[in-house]
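In: Give the three-dimensional model of this entry:
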Amino acid sequence: MTIEIERSSVGLSKVAVSETHCEKSPYFAGWRAYDENPYDERCNPSGVIQMGLAENQVSLDLVEKYLQNPADDGNRTVGFRENALFQDYHGLQAFRTAMASFMEQIRGGRAKFDPDRVVITAGATAANELLTFILADPGDALLIPTPYYPGFDRDLRWRTGVNIVPVHCDSSNDFDITPQALEAAYREAESKNIKVRGMLITNPSNPLGITIKRSTLEDILDFVTRKNIHLVADEIFSGSAFSPLTICERSSKPGTSKILKEFTLFIACQRTWACRASGLGLFTHTMTKSSSLQEECRASL
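Out: Numbering: from 1, shown residues only. You can find the predicted model right below:
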């Protein structure tokens, strides 16, 4: 006997059916094409090569060896029982301390990080979305220089209802983020009655891979200060490309902290130092004495 199952007519939420998830974009279409027909030198030489994914596979042997024999680590002091129970929403204190030290190390000691201002998340996407929920309301906007990581259209917009206003950068000047471009993007948002709540930059750039010049960092700091908006720096590739200065290092220079009120840095460890499946993100609110951002994170997690 055949059993017929009646299709449900119950609808889904507006968020679930919204096109802002961007799953139909060329970026994610490329992912699907790869998943359906992956390249293999011998078995499928005419398959699709994945060129839209950044992941470090060079250190996988070291990560695998450590995971198989973690007891060989002489610095291991916390056991399973200590970690297995309910923990602080911000992440294990020992882990936050280790990550703060590690971020200082990869920046050559040119920037200091307070472990009490570090928040651990399940990957960079979670950090992105959490920050957007906290910094902006539905209908507000974040400024992002172009070209930018296509996933931002999903990560920052889909469930938050926040808009992205592009800061249009030109290849004729190596995609430099100019004061004119910043002002033009801000005016565009104003003309549409959209409130700009912050600016997000990637440094090193994703997808360009270039680092932002010191003079450009100065222009960005001046701009966000004058507009009284948040600045979020995505530095998840800071261990892969190098220049004399990153945004957190510039902000740590004497005389800078007095002009920059709201600055948040986030990184993701799986991109450069671990394996892609073990998603880890973190962010730190570095330039204000207020603990409000950490408190809102605790309420949101």
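
In: So which residues of the chain form helices?
Out: Across the chain, reading from the start of the chain, the helices by DSSP state H fall at 14-17, 26-36, 60-68, 80-84, 93-106, 124-135, 152-155, 179-191, 214-227, 247-251, 269-272, 292-300.

In: Check which helices and strands the fifth one sits against.
Out: Other elements packing on helix 93-106 under the criterion 3 or more Cβ pairs under 8 Å, 6 or more residues apart in numbering; DSSP states H and E are strand 118-121, strand 281-285. Placement of C-beta: from N, CA and C, glycine included.

In: rerun at 6 Å
Out: With contacts defined as 3 or more Cβ pairs under 6 Å, 6 or more residues apart in numbering; DSSP states H and E, the packing partners of helix 93-106 are strand 118-121.

In: Run through the neighbouring helices and strands of the strand it packs on.
Out: For strand 118-121, the packing partners by 3+ Cβ pairs under 6 Å, 6+ apart come out as helix 93-106, strand 281-285.

In: Off-centre distance for it?
Out: What separates the centre of strand 118-121 from the centre of its chain is 12 Å, taken as Cα atoms, centre = their mean, to the nearest Å.

In: re earlier: relative to Q50, which of the helices of the chain is closest?
Out: Set against Q50 and scored by Cβ to Cβ, the helices of the chain come closest in helix 26-36, at 4.6 Å.

In: tell me which residues in the closest one are buried?
Out: With burial defined by 16 or more other Cβ atoms under 10 Å, the residues of helix 26-36 counted as buried are F28, G30, Y34.

In: So which of those residues is the closest to G91?
Out: Proximity of these to G91 was ranked by Cβ to Cβ; the top entry is F28 with 29.5 Å.

In: shaky segments in this protein?
Out: 1-8, 70-80, 241-264, 266-283, 285-301 (pLDDT under 70).

In: now with 50?
Out: Counting by pLDDT under 50, the low-confidence segments of the chain come to 244, 247, 250, 254-260, 270, 273-277, 287-290.

In: okay, now the domains of it?
Out: 12-53, 80-300 (automatic domain parsing).

In: ok, back up a step: with respect to burial, which of the helices and strands packed on strand 118-121 scores highest?
Out: Scoring the helices and strands packed on strand 118-121 by mean neighbour count under mean count of other Cβ atoms under 10 Å gives strand 281-285 as the most buried, with a mean of 24.

In: What does L208 show for phi and psi?
Out: phi -80, psi -30 (degrees, to the nearest 10).

In: repeat for the one 5 residues further on
Out: Main-chain torsions, K213, degrees, to the nearest 10: phi -70, psi 150.

In: same deal with K192?
Out: In this entry, K192 is assigned phi and psi values of phi -100, psi 10 (degrees, to the nearest 10).

In: Pull the number of nearby residues for it.
Out: Using other Cβ atoms under 10 Å, K192 has 10 neighbouring residues.

In: how near is it to F152?
Out: Summarising the geometry, the distance separating K192 from F152, computed by Cβ to Cβ, to the nearest Å, is 19 Å.
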